[in-house]
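In: Model the structure of this input:
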Amino acid sequence: GISFGKENNASTWVMQEQEEHYYSTGTDSSAEGQLMMEKHEVMMLLLIVGVGQVSGREAIAYSGGMGTEADPYHVTTVDDWIFFSETDTDWDKHFVLKGDINFNSEPLGMVGSFDKPFIGVFDGDGHVLRNVRVKQQETDYVGLFTKLEGKILNLEMEGVDVIGKDYVGGLVGFSSGTIRSCHIKGTVTGNDTVGGLVGSNYYGYITLCSAIGTVSGGNNVGGLVGDNWHAINSCYSAGKTLGFDCVGGLVGNSTHSWAYGSDNRIGMSYASNTVIGDSNVGGLVGSQFKIELIDCESYIRESIIAI
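Out: Below is the predicted model:
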């Protein structure tokens, strides 16, 4: 008779199908022969179903892990990252970067969307993403992560080249989440609300982060954050920041958020940039409205230039 064995998978079915085929060869027209042929057809059908099952998500998803806090998905390869960026059902899961990844400046898709932000946790574990390239010149909310409401931790990025329209950041275009111990080096370019790390920090927390490189845009352009509505602590930026209005070495524009009261502050942070703009230009912050600056410094590498 037909025995499925203990393992219900494609390899078991292949073996059984071959065995049935061996016994059903020839031109036997007896009842027994017809039965063996029917068994062969059934096993072929099961083989097709089995291959479909193992060639789905389970066969290609990440390098390990279950996506939970205790056992996050492992991101180790370029393919892991591509699968992550394309699988919106995983944007509420836990991830850990298990090694450095070099993207070789190949264009990347973004994680998250404005309507479906990343609300999970991505822990870089101190590893580096190199040669990150995101080219979305006609798109708003552009970064390696489009919109963040979760957490990004302990991540390094080098050789970054990100281009977008409005709300553009090297790491995140629009953040209402938590970013801690993340560091980026590279170039970020956009129109309005452009930052080396984050385009707009809207009710989010940014702590122990840095951005080094060139940031270019129009209005609300900052070496670290373009437009800040909440809390930045123990951060720094260096390089060159260029724009027109509200241009700052660390933050382009910083506005008090009444909803979060005393948390609205920039603390223990500094900038060491060349800052070039037309109006509301500052070594640390281009323009600010009722937001505290606590123990912050600006070390201008060159004089601020008004175009």
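In: shaky segments in the stretch 51-200 of the chain?
Out: Along the stretch 51-200 of the chain, the parts satisfying pLDDT under 70 run over 51-60.
In: the strands in it, which residues?
Out: 73-75, 94-97, 101-102, 121-123, 128-130, 133-135, 145-148, 151-163, 168-169, 172-175, 178-189, 194-195, 198-201 (DSSP state E, counting those that start in this stretch).
In: Show me what the fifth one pairs with in its sheet, parallel or antiparallel.
Out: Taking DSSP bridges as the criterion, strand 128-130 sits next to strand 101-102 (parallel), strand 151-163 (parallel) in its sheet.
In: Switch these over to JSON lines; also include distance to residue 205.
Out: Every C-beta, even on glycine, is put in place using the N, C-alpha and C of the backbone. As requested, the strands paired with strand 128-130 are arranged in JSON lines below (distance: least, CB to CB, whole Å):
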{"stretch": "strand 101-102", "distance to residue 205": "26"}
{"stretch": "strand 151-163", "distance to residue 205": "9"}
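In: Need the winner for burial among these.
Out: Mean neighbour count, computed with mean count of other CB atoms under 10 Å, is highest for strand 151-163 among the strands paired with strand 128-130, reaching a mean of 21.
In: next one: that one to chain centre, how far?
Out: 8 Å (CA atoms, centre = their mean, to the nearest Å).
In: before we move on, the earlier item: the strands paired with strand 128-130: which one's closest to residue 88?
Out: Closest approach to residue 88 among those (CB to CB): strand 151-163, 17.1 Å.
In: on that earlier part again, save the strands of the stretch 51-200 of the chain as CSV, and put in distance to residue 251 too.
Out: Listed next are the strands of the stretch 51-200 of the chain as CSV, based on distance: least, CB to CB, whole Å:
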stretch, distance to residue 251
strand 73-75, 30
strand 94-97, 27
strand 101-102, 29
strand 121-123, 24
strand 128-130, 24
strand 133-135, 22
strand 145-148, 18
strand 151-163, 18
strand 168-169, 12
strand 172-175, 13
strand 178-189, 14
strand 194-195, 8
strand 198-201, 8
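In: Nearest to residue 284, out of those?
Out: Taking these one by one with CB to CB, strand 194-195 is closest: 13.7 Å.
In: From the contact counts, what lies against that closest one?
Out: strand 168-169, strand 210-216, strand 219-222, strand 225-228, strand 251-255 (3 or more CB pairs under 8 Å, 6 or more residues apart in numbering; DSSP states H and E).
In: mean pLDDT for those: which is lowest?
Out: Lowest mean pLDDT of the helices and strands packed on strand 194-195: strand 251-255, a mean of 90.
In: Buried ones in it, by neighbour count?
Out: 251-255 (16 or more other CB atoms under 10 Å).
In: Between those, which sits nearest residue 166?
Out: residue 252 (12.5 Å).
In: what sits against the closest one?
Out: Going by CB atoms under 8 Å, 6 or more residues apart in numbering, residue 252 touches 193-195, 219-222, 225-227, 241, 243, 246, 285-287.
In: hang on, isn't residue 102 packed against residue 133?
Out: No. Taking contacts as CB atoms under 8 Å, residue 102 lies outside contact range of residue 133: 11.5 Å.
In: Report the central residue of this protein.
Out: Note on the chain: the residue nearest the mean C-alpha position is residue 145, at 3.8 Å, using CA atoms, centre = their mean.
In: In contact with that one, which residues?
Out: Residue 145 neighbours (CB under 8 Å, 6+ apart): 110-112, 118, 122, 152, 171-173.
In: Number of residues surrounding the nearest residue to residue 147 once chain neighbours are set aside?
Out: Sequence neighbours aside, residue 117 is the residue nearest to residue 147 in space, at 3.8 Å (criterion: CB to CB, 6 or more residues apart in numbering). The number of residues packed near residue 117 is 23, by other CB atoms under 10 Å.
In: Hmm, residue 117 is touching residue 91, no?
Out: Yes. Using CB under 8 Å, residue 117 is in contact with residue 91, at 7.3 Å.
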